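Q: next comes the sequence, and after it the predicted model I'd like to discuss.
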Amino acid sequence: MSEKTGTTGLRIGIDVGGTFTDFLVVAPDGSHLVHKTSSVPSDPSRAVVQGLREIADLRGQSVQDLLAETHTIVHGTTVTTNALLTRRGATTGLLTTEGFRDVLPMRDGTREAAYDNRLTAPEPLVPRHLRLPVPGRVDHGGQVVTEVDLDAVRSAAETFREAGVEAVTISFMHSHANPDHEDAAAAALAEVLPEVYLTRSSELLPQVRYYDRTSTAVLNSYAGPIIRRYLTGLTDTLAEAGFGGILLLMQSNGGVATPTELARRAALSLLSGPASGPTAGLLEVELHGWDRCLTVDMGGTSFDAAVVNDGQPLVMTDGTIDRWRIALPMVDIHTIGAGGGSIARVDDGGILRVGPESAGAVPGPACYGRGGDRATVTDADVLLGYIDASSFMAGGVPLDAAASHAAMERDVAHPLGLDVTTAAAGVYDLVNVSMAAGVQAITVRRGLDPRDFPIVVAGGAGPVHAAAIASELEIPVLVTPRQSSIFCASGMLVCDFKHDYVQSVSTTLGEVDLDQLGRIWREMAGAGRETLRGEGIGDSAISFEPSLDMRYAGQWFEINVPVGESAVDGPDRGRLAELFHAQHDTLFGYSTADQPVEILNVRLTAVGATPRPALDLAELGADLDDDPQIGERPIWSPAQRRMVPGRVLDGHRMAPGARLSGPAVIELGTTSVVVLDDYDVVVDSHGSFVLYLRARAHELADRLSLTGELVGR
């Protein structure tokens, strides 16, 4: 590992969310500081800088001194996601093969929802007058049928210039098999528009399926100038404030990259924020002998669920962003509009609805006192006793419980003819069911039983709702890290560099040239090693994850099959077949060993390991005999459907080994861990709060080290 990626100096993880921007500062000795500040949706960099100033004040130093002491900042951003969702991306042009001008509105020729005849495709990100066809053709094998017309390219460039186009995508038919026409068009375009942001589909995603490749490349161009401007501004601002260290960005594939690399492959920033969660989640459950977990992250605006299985976050290559296909590898994260700021309302039919509309950071829930007056999930949590209005955000943001009561009575209780507590419980129940359905969606469709996975809980609102979600899904164990409210920010500090490579092939497993297959992987590995070396990663820290996209002959969809690093040097046909059949059986419940297997894409991920900071757990050395209880208040019991006495405990005074029974609320300043009636909790050696079903305690005793007596049973 080079000096560039060492562990001297502070390391800061920053996650920009829709409501709060989260920070984790870790010193070389493991001491750390957790901080949250309100996000600024109109300019996310302002919240980053403001949060750094606040952290400097807390440390009793100037922001210049803080940044001079900082070695690495790892940053996840929603800048490009928000630009796409609000249609405020760059003005983009598209060069297509003649005859394929309308590939974006025609999509892949199928209907998103087969039985919804009223569903219409979204408006293309590139309007038709900026989708310009170019004569020239390459066949599926890469042979030139007609040479590309470079005069047409230059003419299109003039049209783009007149229209004020900031970014251009070049996507020609079969360019994955022969990129020469795209390369020549890019050179001709640059003669006219040297400053334009340019995406060549054959460079970004050299694989089959023209719509997938074109849509992904257009997303890259649409987001490119946005992320480039943001990163340039952020880098300049940090430099002016005295930061001379390393700035890294989270990618959607769960790895980190330099600003230069991410600006070139901007589409990988579209789900950058939550992508670090699964990696952090695995570290939490490995302590207890699991190599799998579910991660759930409930913030102020959204709820994200992801799966780690066999020690790896699950990745997809057929995702969508706002209904547009993105075929780059991304951590498979299922997101729904369910957060603390989700607005509760009763529709015209008298049905209670929660979300997806959110009060966000501004004006926020009614209880925030920032001008919001609509009932939200956070208001329900206050009314049910799960959040103490005086201790929210460690008392830095006192909540107005009376405003929550007034909003819930007006928006939910009165229209439904209920008392306010029952109305708040209905909001709580409904959002929990929605989130449980989200967890089922990401597990069951992959052939996985959610009951086999512990849940790692993240987000400021996650620990308030997680036990109810787990109860709905019959999941016996939940782990809430002490830093759960800034979980993704902490996860960013343990994520490795990752770069993905793909090359399409057209063959069957029985006929594939194994020597050629090995050569493809080795060429990808060489390119990955070169990129990682440029980012300061030493050879000893580099590893590779090869895989194949495979399917039975005649199938429409393929599955990605990891094949192990040894396949790079010597792929084995029998082993590849065995892995595919096993994966197919897991996903679909059957395999057919005598059916021909097709290979569509060869993939490889190059991984550069980064040092993982260890948090100092000295604060966990509290005496087990020290009673952490700080009071008692009524809290809602979903099982008994009434308010019941609940113990309130200071989580910072609960040492490893401490155990207690619900119902209870463990307060951590930035979040509250709600322990429902049928759960007990134990603090593990990481300081995390492990909730487990009391009825399953006997079978979990060894794994969770359930020794000692429960406190206050």
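A: Thanks, I have the structure now.

Q: only C-alpha atoms from now on, for both contacts and neighbour counts.
A: Will do.

Q: where do the helices sit along the stretch 501-650 of the chain?
A: Taking DSSP state H, counting those that start in this stretch, the helices of the stretch 501-650 of the chain run over residues 514-534, 573-588.

Q: packing partners for the longest one?
A: Helix 514-534 sits against strand 497-508, strand 542-552, strand 597-608, with contacts defined as 3 or more C-alpha pairs under 8 Å, 6 or more residues apart in numbering; DSSP states H and E.

Q: got the angle between that helix and strand 497-508?
A: 160 degrees (axes from the mean of the first three to the mean of the last three C-alpha atoms, to 10 degrees).

Q: cool, the shortest one as well?
A: What separates the directions of helix 573-588 and strand 497-508 is an angle of 100 degrees, with the same axes, to 10 degrees.

Q: name the residues of helix 573-588 that are buried.
A: Applying a neighbour-count criterion of 16 or more other C-alpha atoms under 10 Å, one finds 576, 577, 580, 581, 583, 584 buried in helix 573-588.

Q: just the longest one next, same as before
A: Judged by neighbour count (16+ other C-alpha under 10 Å), helix 514-534 contains these buried residues: 514, 517-518, 520-522, 524-525, 528-529, 531-533.

Q: burial check on residue 86, number of neighbours?
A: 9 (other C-alpha atoms under 10 Å).

Q: measure how buried residue 117 is and give me the count.
A: By other C-alpha under 10 Å, the residues close to residue 117 number 8.

Q: who touches it in this structure?
A: Going by C-alpha atoms under 8 Å, 6 or more residues apart in numbering, residue 117 touches no other residue.

Q: could you report the distance from it to residue 111?
A: 9 Å (C-alpha to C-alpha, to the nearest Å).

Q: try residue 85
A: On the measure of C-alpha to C-alpha, residue 85 and residue 111 end up 21 Å apart.

Q: quick revisit: could I get the helices and strands packed on helix 514-534 as CSV with mean pLDDT and mean neighbour count?
A: Formatted as CSV, these follow (pLDDT from 0 to 100; neighbours: other C-alpha atoms under 10 Å):
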stretch, mean pLDDT, mean neighbour count
strand 497-508, 93, 20
strand 542-552, 96, 22
strand 597-608, 96, 23
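
Q: could you dump the ones you listed to a markdown table with distance to residue 268?
A: What follows is the helices and strands packed on helix 514-534, written out as a markdown table (distance: least, C-alpha to C-alpha, whole Å):
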| stretch | distance to residue 268 |
| --- | --- |
| strand 497-508 | 10 |
| strand 542-552 | 18 |
| strand 597-608 | 14 |
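
Q: figure out which of those is closest to residue 420.
A: Among the helices and strands packed on helix 514-534, the nearest to residue 420 by C-alpha to C-alpha is strand 497-508 (49.6 Å).

Q: got the CA positions of the closest one in PDB?
A: Once non-C-alpha atoms are left out, strand 497-508 reads as follows in PDB (Å, rounded to 0.1, in the frame of the first residue of the first chain):
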ATOM      1  CA  PHE A 497     -11.700   1.200  -4.600                       C
ATOM      2  CA  LYS A 498     -13.700  -0.600  -7.300                       C
ATOM      3  CA  HIS A 499     -13.600  -0.400 -11.100                       C
ATOM      4  CA  ASP A 500     -15.800  -2.600 -13.400                       C
ATOM      5  CA  TYR A 501     -15.000  -3.900 -16.800                       C
ATOM      6  CA  VAL A 502     -17.200  -5.700 -19.300                       C
ATOM      7  CA  GLN A 503     -16.900  -7.200 -22.800                       C
ATOM      8  CA  SER A 504     -19.700  -8.900 -24.700                       C
ATOM      9  CA  VAL A 505     -19.200 -12.300 -26.400                       C
ATOM     10  CA  SER A 506     -21.500 -14.500 -28.300                       C
ATOM     11  CA  THR A 507     -20.900 -18.100 -27.600                       C
ATOM     12  CA  THR A 508     -22.100 -21.100 -25.600                       C
END
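
Q: partners of residue 92 in the sheet?
A: Here residue 92 sits in beta bridges with residue 167, as judged by DSSP bridges.

Q: what pLDDT does it get?
A: As predicted, residue 92 sits at a pLDDT of 97.

Q: just checking, it touches residue 161?
A: No - Residue 92 is not in contact with residue 161 according to C-alpha atoms under 8 Å; the separation is 10.9 Å.

Q: give me the more crowded residue out of the two.
A: Neighbour count, other C-alpha under 10 Å: between residue 92 and residue 161, residue 92 has more, with 28 against 15.

Q: spit out the contact partners of that one.
A: 125, 126, 130, 165, 166, 167, 168, 169, 218, 221, 222.

Q: pull the contacting residues for the third one.
A: By C-alpha under 8 Å, 6+ apart, the contact set of residue 130 is 92, 93, 94, 159, 160.

Q: buried set for the longest helix seen in the chain?
A: The helix that spans the most residues within the chain, counting by DSSP state H, is helix 210-240. Buried residues in helix 210-240, defined by neighbour count with 16+ other C-alpha under 10 Å: 210-228, 230-231, 234-235, 238.

Q: counting by contacts, list what it packs against.
A: So helix 210-240, by 3+ C-alpha pairs under 8 Å, 6+ apart, packs with helix 79-85, strand 92-97, helix 103-106, strand 167-171, strand 197-200, helix 201-204, helix 259-264, strand 324-326.

Q: quick one, the helix or strand following it and helix 210-240 angle?
A: Going down the chain from helix 210-240, the next helix or strand is strand 246-250, by DSSP states H and E. Note on geometry: by the same axes, to 10 degrees, strand 246-250 and helix 210-240 are set 150 degrees apart in direction.

Q: what are the pairing partners of strand 246-250, and which direction each?
A: Using DSSP bridges, strand 246-250 pairs in its sheet with strand 70-76 (parallel), strand 256-257 (antiparallel).

Q: pick the most buried one from those strands.
A: Comparing the strands paired with strand 246-250 by mean neighbour count (mean count of other C-alpha atoms under 10 Å), strand 256-257 ranks first with a mean of 27.

Q: neighbouring contacts of that one?
A: For strand 256-257, the surrounding residues in contact (C-alpha under 8 Å, 6+ apart) are 74, 248, 249, 250, 251, 492, 495, 496, 497, 498, 535.

Q: wait, what's in contact with residue 419?
A: 409, 413.

Q: so what's it scoring on pLDDT?
A: In this prediction, residue 419 has a pLDDT value of 96.

Q: and what of residue 226?
A: At residue 226, pLDDT is 93.

Q: again, but for the one 4 residues further on
A: Turning to residue 230, the model gives it a pLDDT of 90.

Q: domain ranges for this protein?
A: The chain breaks down into these domains under automatic domain parsing: 498-608, 618-704.

Q: mean pLDDT lowest where, among those domains?
A: Looking over the domains of the chain, mean pLDDT reaches its minimum on domain 618-704, with a mean of 87.

Q: quick one on the thing from earlier: JSON lines for the contacts of strand 256-257, including distance to residue 674?
A: JSON lines is the format used below for the contacts of strand 256-257 (distance: C-alpha to C-alpha, whole Å):
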{"residue": "74", "distance to residue 674": "30"}
{"residue": "248", "distance to residue 674": "35"}
{"residue": "249", "distance to residue 674": "33"}
{"residue": "250", "distance to residue 674": "30"}
{"residue": "251", "distance to residue 674": "32"}
{"residue": "492", "distance to residue 674": "26"}
{"residue": "495", "distance to residue 674": "29"}
{"residue": "496", "distance to residue 674": "33"}
{"residue": "497", "distance to residue 674": "35"}
{"residue": "498", "distance to residue 674": "36"}
{"residue": "535", "distance to residue 674": "43"}
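
Q: tell me the one of the residues you listed nearest residue 628?
A: Taking C-alpha to C-alpha as the measure, residue 628 lies nearest residue 492 of those, at 31.1 Å.

Q: and the closest one, how far from residue 351?
A: From residue 492 across to residue 351, the span is 40 Å (C-alpha to C-alpha).
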